[in-house]
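Novice: only the shape, not the letters, is given here:
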C-alpha cells in the first residue's frame, strides 16, 4: 500500500518540477507559478500544454479588460476616444492574437504562438498610451494582460 502511494506521487512531482523549471525561465516567476498551479490543466501536461494554459489565462484577463472598457464608456464619456482604441486592441488580442497562439501551439508551430503573445503585449502598451491626459483607468488590467502575455511568450520560447 505504501509503495502505491509513493509511486502515485511521482508523476505529480514530475509535473510540479516542470512547472517550476519552466517558470524560472519567465520574466515573472510568481505570476507563472500562481497561474499554472491554479489551473488543473497544468498537471499531467508538457511545456506546450503549459503554454496553452497561459495563453488561455491571457484570454480570460483580456475578456475582463474588454468588459471593463464597455462599462467605462458609459461612465467616462470624456475617455470615449481612448476607450474605443483600447477596444480595438483588446478585440485584436481576443480575435487574432490568442487564436493564433492556440492554433500554432496545437499544430506544433511555436514561433507563431510567440508572435501572437508578443502582439498582445504590445496592444496593452498601446492602450495605456492612449490616455494622454492623466492616468489610464485600465492601468491595472493592461499590466495584468501584458504580464501574462510576457510569461506566455517566455514559456513558448522553450519550444523554439
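Specialist: Received the coordinates, thanks. All values reported here derive from a predicted model rather than from experimental measurement.

Novice: can you give me the strands for the chain?
Specialist: In the chain, no strands are defined using DSSP state E.

Novice: ok, now how distant is residue 115 from residue 23?
Specialist: From residue 115 across to residue 23, the span is 22 Å (CB to CB, to the nearest Å). Quick note: C-beta positions are derived from backbone N, CA and C, even for glycine.

Novice: looking at the two, which is more packed in?
Specialist: More crowded of residue 115 and residue 23, by other CB atoms under 10 Å: residue 23, with 23 against 17.

Novice: for stretch 75-90, which outside residues touch it?
Specialist: Contacts with stretch 75-90, where a contact means CB atoms under 8 Å, 6 or more residues apart in numbering, come from 62, 65-66, 69-70, 72-73, 123-124, 126-127, 130-132, 136-138.

Novice: also stretch 139-153?
Specialist: Under the criterion CB under 8 Å, 6+ apart, residues 23, 26-28, 31-32, 35, 51, 54-55, 57-58, 61-62, 64-65, 68, 93, 101, 114, 117-118, 120-121, 124-125, 127-128, 136 lie in contact with stretch 139-153.

Novice: could you redo the last one with a cut-off of 7 Å?
Specialist: Identification of contacts with stretch 139-153 by CB atoms under 7 Å, 6 or more residues apart in numbering yields 26-28, 31-32, 35, 51, 54-55, 57-58, 61-62, 64-65, 68, 114, 117-118, 120-121, 124-125, 127-128, 136.
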